[in-house]
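1. only geometry, no sequence info:
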Ligand code: 7RM
């Protein structure tokens, strides 16, 4: 299954396009199925209706756990590195992880969870998070992991959208020098969540929490009441595995749905190939399991391949900007998969944090989440990889389930800031505004995919029409990614960023409409418009133009108030970096905000604003420009 030469890549790619069913059928043989499929693929992009490995039965946890027991039961599956380096790391072998997953699966059953039930997981980056995820999969319950940085309201919205029956959380989480009171946040969320019957709480930071009688139970108590034998539920290949909410151009995040069979095959295949993972190696992905990268490349991908996956609770800069390098040295990490924002942040501390650190174990480096600028790419290459470790710049999305366009480590010649070539099975195409294909090399366009792949989303939870509208209606018979893309003279792809109203702040996807809605909830705000602007570390920063007519007194206080509102409504990750109070917004005669103009102003451009002739009130632009200069 592993590609070892460029020639083989070309052959596999050709085969995957000419005969996709045969190609993926063969890849799927490397996994364990209870029953085989009768059809590899049936599809149409119009409804859309996508089925991979129809008729097949499996349980993904048998692939991630049971099948490794005989040969690698004592091999580390998860190495947990705590927030505080003075605390001890924890190693769970495949045997131990299997036992704990089975035991916790029984806890879920004991608390009323059944196949098909949705379970919300809001936890710190501890081994129990991976255990909770896998325990859901074990019994066929659908997990919906919510990142620990989201607010009570965001959690409640997600729980209600999926009608979750259970919540799994912890007393709190560590984040550098800070503590996040997860259970308090959950308590606030659950006030508005009538479908939730039980809440299982893990002790982690040992902060006092309130436990609601009849609803809340302790993880530690529950596991004492059950044994560690739990037969895996037999799942259909197209049964739901998980929901993961992600932002789009509307104010309401969508629940992206992934199913068991195709997702497993795609996460496992791409993990093995892109990182060229070798048995016994230590692999470290710095993402949070609350995002798709953590689902596919901390949990399911690596474990399905019997790999050793490092799970880190902390942040890159605590207690010092040497933290990643200390972890690499301590656990002899062979593959480091991180985000450009982390690289840029660490770069800014200079070379001192690297002094005396042994990074010689590193063989492969990876980047994900946003375009990586050349400067960061070279720093990563030279200072971390010592020019010897290939960098895989992996382009993909929550919706794609796994990596789509990326170098294959040791196989594909890399090029700074290019995601390079599509993986076997992936058929990218560039189109213009009208959906006309842009052929040839040295061209730019909107990135679409013209053929299904096993890891693709199947629907958006509870609203299939929305899935169709968002991804399959912009261009006929194509999956639209929302990204702009360049294909250079070598046929290499470079993703240039979103072409819709979605921001990418520190590798986190945030819809401008979501931030606007949150700001507008503040009592004094009449209207707002949010745009992104280039930010040295975060990639994009959030710039908010806000109409706040009755402001009396302190401007800074009002800004603080607005930031707090955004934190309460969405979470701290969506806080604007800049707020500019204005008396009006540039609108067309039909009332549409001209974001193009605001984007230019946010970038610091004050003269070449393009065509402003359709503006209702051009004077407002002059006022905004003047005000922006003083910000
Ligand atoms: C994995 C993930 C998806 C969006 C996507 C892009 C951007 C991700 C890269 C990238 C340039 C990359 N899922 N993006 N990877 N842009 N180069 N290697 O991030 O759903 O959270 O975000 O992220 O805009 O559409 S995500």
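-> Perfect, I can see it now. The shown structure was predicted, so the numbers you read here are calculated from the model rather than taken from an experiment. Numbers count the residues shown, from 1 in each chain.
2. Could you pull out the strands in the stretch 251-400 of the chain for me?
-> 254-259, 282-285, 308-312, 335-338, 364-368, 391-394 (DSSP state E, counting those that start in this stretch).
3. Those strands into TSV, with extra columns for mean pLDDT?
-> Below are the strands of the stretch 251-400 of the chain laid out as TSV (pLDDT from 0 to 100):
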stretch	mean pLDDT
strand 254-259	98
strand 282-285	99
strand 308-312	98
strand 335-338	98
strand 364-368	98
strand 391-394	98
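4. can you redo these as TSV with mean neighbour count?
-> Just so you know, the C-beta spots here come from the backbone N, C-alpha and C atoms, and that holds for glycine as well. Below are those laid out as TSV (neighbours: other C-beta atoms under 10 Å):
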stretch	mean neighbour count
strand 254-259	25
strand 282-285	24
strand 308-312	25
strand 335-338	26
strand 364-368	25
strand 391-394	25
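5. would you turn those into a markdown table with distance to residue 507?
-> Putting the strands of the stretch 251-400 of the chain into a markdown table (distance: least, C-beta to C-beta, whole Å) gives the following:
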| stretch | distance to residue 507 |
| --- | --- |
| strand 254-259 | 17 |
| strand 282-285 | 12 |
| strand 308-312 | 16 |
| strand 335-338 | 9 |
| strand 364-368 | 7 |
| strand 391-394 | 12 |
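6. Next, format those as TSV and append distance to the ligand.
-> Below are the strands of the stretch 251-400 of the chain laid out as TSV (distance: least, C-beta to the nearest ligand atom, whole Å):
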stretch	distance to the ligand
strand 254-259	8
strand 282-285	11
strand 308-312	17
strand 335-338	11
strand 364-368	5
strand 391-394	5
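7. Minimum distance to residue 115: which of those has it?
-> With C-beta to C-beta, the closest approach to residue 115 among the strands of the stretch 251-400 of the chain belongs to strand 254-259: 13.7 Å.
8. Could you list the paired strands of the closest one along with their orientation?
-> Strand pairing for strand 254-259, determined by DSSP bridges: strand 240-246 (antiparallel), strand 459-460 (antiparallel).
9. Can you give me the buried ones in the longest one?
-> Residues of strand 240-246 classed as buried: 240, 241, 242, 243, 244, 245, 246 (neighbour count, 16 or more other C-beta atoms under 10 Å).
10. now stretch 104-121
-> For stretch 104-121, by 16+ other C-beta under 10 Å, it's 104-109, 111, 113, 117-121.
11. Ok, stretch 586-604 next?
-> 586, 587, 593, 594, 595, 597, 598, 599, 600, 601, 602.
12. Mind checking which of the residues you listed land in helices?
-> Among these, the members falling in helices are 595, 597, 598, 599, 600, 601, 602 (criterion: DSSP state H).
13. Which one of the buried residues of strand 240-246 is nearest to residue 572?
-> Looking across the buried residues of strand 240-246 and measuring by C-beta to C-beta, the closest to residue 572 is residue 245, at 17.0 Å.
14. Do a quick rundown of the strands in the stretch 401-550 of the chain.
-> According to DSSP E, counting those that start in this stretch, the strands that the stretch 401-550 of the chain contains are 428-431, 443-449, 459-460, 479-487, 493-498, 502-505, 508-511, 527-535, 539-547.
15. In TSV: these, plus mean pLDDT and distance to the ligand.
-> Shown next, in TSV, are those (pLDDT from 0 to 100; distance: least, C-beta to the nearest ligand atom, whole Å):
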stretch	mean pLDDT	distance to the ligand
strand 428-431	98	13
strand 443-449	98	8
strand 459-460	98	13
strand 479-487	98	5
strand 493-498	96	4
strand 502-505	96	5
strand 508-511	95	4
strand 527-535	97	11
strand 539-547	97	9
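16. near the ligand, which residues of the stretch 101-250 of the chain show up?
-> Taking C-beta under 6 Å from any ligand atom, the part of the stretch 101-250 of the chain that reaches the ligand is made up of residue 246.
17. Can you name the residue of the stretch 101-250 of the chain nearest to the ligand?
-> residue 246 (5.3 Å; C-beta to the nearest ligand atom).
18. Does that residue touch residue 401 like I think?
-> No - between residue 246 and residue 401 there is no contact under C-beta atoms under 8 Å: 11.9 Å.
19. Would you mind measuring the gap between the ends of stretch 389-405?
-> Using C-alpha to C-alpha, to the nearest Å, the end-to-end distance of stretch 389-405 comes out at 19 Å.
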